[in-house]
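Trainee: whatever this is, show me its structure:
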Amino acid sequence: MSLTSAPARVTLLAALSATTFYFLYKSLRLRSLPYPRTPSSSSPTRKSNKIIFISQTGTSKTLAHRLLRLLASNSFDFDLVDAKDYEPEDLCNETLVLIIASTWDEGKAPTDSRFFTDWLAESAEDFRVGSLLLKQCEFAVFGVGSRAYDSTFNAVAKDLSKRMKALGGNEILPVSEGDVDSEGDVDEVFDDWSLKLVRFLKGDEVVEEENGGFVSDDESVEEEEEEESEIVDLEDIAGKGPSRKTGAQSNGVSNNSNSNGKKNMVTPVIRASLEKQGYKIIGSHSGVKICRWTKSQLRGRGGCYKHSFYGIESHRCMEATPSLACANKCVFCWRHHTNPVGKSWQWNMDDPLQIVNSAIEQHLKMIKQMKGVPGVTLERLTEGMSPRHCALSLVGEPIMYPEINTLIDELHRRRISTFLVTNAQFPEKIKDLKPITQLYVSVDAATKDSLKAIDRPLFGDFWERFIDSLTALRDKHQRTVYRLTLVKGWNTEDIDAYFNLFSIGKPDFIEIKGVTYCGTSSTSKLTMENVPWHADVKAFSEALALKSGGDYEVACEHVHSCCVLLAKTDKFKIDGQWYTWIDYEKFHDLVASGKPFDSKDYMALTPSWAVYGAQEGGFDPIQLRYKKERNHHKKSTQSTSIPGLRLNTTSPVEEIEDEEKKILTC
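Mentor: Purely as a prediction, here's the structure:
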């Protein structure tokens, strides 16, 4: 057929038109795809994409590293950057930015990273900057936070997303929010977000669902989503535990909820972390742990400061709690925040009798394990098998447990004394509390600002609750104590402010103790520089006693614990002698009588070796003093408490390491 014929010309025109439309379609299709995938070797050199993390305790940083490894394994090139080291003005030159951001104090970013977040906020509000500054930048944000802080949950991540969009940035995935607390889902949410991100970068079609999530048309990723990371890095939860699936399976638990819809306080992750530290978890919200001082007195090596101050037999003392949850996240928490947090009881509740029975059972099992340990005699082991004291101060906030009074009654029925510690955030619970042997309120700071900085409370009205708790303490007739933990550089300069608190609660005693250094932790910035010497604690205590004008005097000390006791002179100093010890049998008789009684009715004479300034420094002379050399290359030696006498024989067995091996003894 000749090309000059009409049909031939029509056919040729149609072919050319089809070809033109095909290439036009392909061009538009390529331009409409998400961010260019992994560049080929022939692609021009360009700046690496960025993963920027905003982290206070290290979890966001850890998650950022996990994401970097995942992206690298999929051949995506990214640089990892700490927000505090990043120049935010460079954002306009970036093509793809992934941000993992923690929310810290009052819904703000950690202090070190605030220049980054403030710059974005100011730029977004500045009309001179314009709304197209980040028009070439695609981004996605993952938030790390705690639902316990209500309205400020992941506020930083949400604000970053808002500001970057206002500056013209293109958000490729919606903000994803991880919760790090007891019911937290940070790991699985982060893994899900990361997989969606990888699928997006690979060019798989991602469709938004009605619930705001995303799905992919690539069915093969379902198998990937079933895989869980074995590393759990939670903001404000130190240590590592198994993944939620692995943890649940290993404990025979399919999920954390019961048929009543309420959840257990102790999740598989928290259980694994606490058990690794030596805790015995009871039911769904309680715990017990053998104390290092219990072991020490079983071996005849001395008791804790409560033995010196109040006559507690440390080898017959059980440390427990009916509530692992707390309403604070104190910077000096011994437990590194492995316990859950909450402002009210929202979990399943176990029976108080079951808790007491199980706590004693688990405690006795741990006591039995001390059989055969050097220094443990049959007599002391037998005594240890009959606990006479219970320190409700293990971890968390015991007073949160709704049946706390019933639990106390059960302990008293067995003639087990009760020392309960509360963090002064539940004044109504203090008012409703039945008589106990000794009630403590933690007074970690004397001003609103310092209390907020040290205790990091969940409640917005934490200071009002604190003052109301001290007021409630004043109305108690049994023994009451302010417990002060001195943190050098944080709360050791507030003598006048502390004194002003005395008139509110009018406690019988004031315990002043140097903070315990628990080793390196991602949840606390404290170092050995923050630990006061015993001389510092003594100087602070003497100044506080002097400030009281004689109402309180320094009564006792325990040098080994870096702890000093102030006592009310008009109650506990009689004819020049201190009566800080407790007549425990008389206390139980008074409880059983059902008649009103007060702290004067069950006090006992303090032995001379426990009195402040005594040569023994609060160490019971019938015990053998065991001194551990700070030079770990040398063997430890034993010495008695008698001055000048030292046994130069090395122990046949090196000191048994406790679970709390990082605790400093000043």
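Trainee: all contacts plus neighbour counts: C-alpha atoms, from now on.
Mentor: Noted.
Trainee: give me the mean pLDDT for the helix or strand hosting Asp192.
Mentor: Per DSSP states H and E: Asp192 is located in helix 186-202. Averaging pLDDT along helix 186-202 gives 92.
Trainee: just the buried residues of that helix, please?
Mentor: Within helix 186-202, the residues that count as buried by 16 or more other CA atoms under 10 Å are 186-188, 190-202.
Trainee: ok, stretch 298-315 next?
Mentor: 298-305, 307-315.
Trainee: where do the domain boundaries of the protein fall?
Mentor: Here the domain parsing of the chain from the TED database is 48-202, 289-514+553-610.
Trainee: could you export the ones you listed as a markdown table, including distance to Pro621?
Mentor: Formatted as a markdown table, those follow (distance: least, CA to CA, whole Å):
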| stretch | distance to Pro621 |
| --- | --- |
| domain 48-202 | 44 |
| domain 289-514+553-610 | 8 |
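Trainee: between these, which gets nearest to Gln277?
Mentor: In terms of CA to CA, the element of the domains of the chain nearest to Gln277 is domain 289-514+553-610, at 8.6 Å.
Trainee: that closest one: end-to-end distance?
Mentor: In domain 289-514+553-610, first residue to last residue: 27 Å (CA to CA, to the nearest Å).
Trainee: what does stretch 382-400 give?
Mentor: 34 Å.
Trainee: in it, which residues are buried?
Mentor: Neighbour count says stretch 382-400 has 384-400 buried, by 16+ other CA under 10 Å.
Trainee: repeat that for stretch 63-73.
Mentor: Using 16+ other CA under 10 Å as the test for burial, stretch 63-73 gives Leu63, Ala64, Arg66, Leu67, Leu68, Leu70, Leu71.
Trainee: in helices only, show me those residues.
Mentor: The helices, defined by DSSP state H, take in Leu63, Ala64, Arg66, Leu67, Leu68, Leu70, Leu71 from the buried residues of stretch 63-73.
Trainee: closest to Asp455 out of these?
Mentor: Nearest to Asp455 out of those is Leu63 (CA to CA; 25.9 Å).
Trainee: so which residues of the stretch 101-250 of the chain form strands?
Mentor: Assigned by DSSP state E, counting those that start in this stretch, the stretch 101-250 of the chain shows strands spanning 138-145, 170-171, 176-179, 206-208, 214-216.
Trainee: ok, the stretch 551-666 of the chain next?
Mentor: 552-558, 563-568, 573-574, 577-578, 581-582, 603-604, 624-627, 637-640, 647-650.
Trainee: for the stretch 301-450 of the chain, same thing?
Mentor: So, for the stretch 301-450 of the chain - with DSSP E, counting those that start in this stretch - the strands run 317-321, 389-392, 417-422, 438-442.
Trainee: in a markdown table: those strands, plus mean pLDDT and distance to Glu125.
Mentor: As requested, the strands of the stretch 301-450 of the chain are exported to a markdown table (pLDDT from 0 to 100; distance: least, CA to CA, whole Å):
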| stretch | mean pLDDT | distance to Glu125 |
| --- | --- | --- |
| strand 317-321 | 95 | 50 |
| strand 389-392 | 96 | 52 |
| strand 417-422 | 95 | 45 |
| strand 438-442 | 94 | 44 |
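Trainee: now these in TSV, with distance to Lys448?
Mentor: Output for these, formatted as TSV (distance: least, CA to CA, whole Å):
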stretch	distance to Lys448
strand 317-321	28
strand 389-392	26
strand 417-422	18
strand 438-442	14
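Trainee: just say which of these is most tucked in.
Mentor: Burial of the strands of the stretch 301-450 of the chain is given as mean neighbour count (mean count of other CA atoms under 10 Å); strand 317-321 ranks first at a mean of 27.
Trainee: what pairs with that one, parallel or antiparallel?
Mentor: Strand pairing for strand 317-321, determined by DSSP bridges: strand 286-289 (antiparallel), strand 389-392 (parallel).
Trainee: so, low pLDDT: which residues of the protein?
Mentor: Counting by pLDDT under 70, the chain has low-confidence residues at 1-47, 182-184, 204-261, 331-339, 517-526, 626-666.
Trainee: do you know how far the closest residue to Ile355 other than its chain neighbours is from Leu298?
Mentor: Nearest non-adjacent residue to Ile355, counting by CA to CA, 6 or more residues apart in numbering: Ile282, 6.7 Å away. Computed as CA to CA, the Ile282 to Leu298 distance reads 24 Å.
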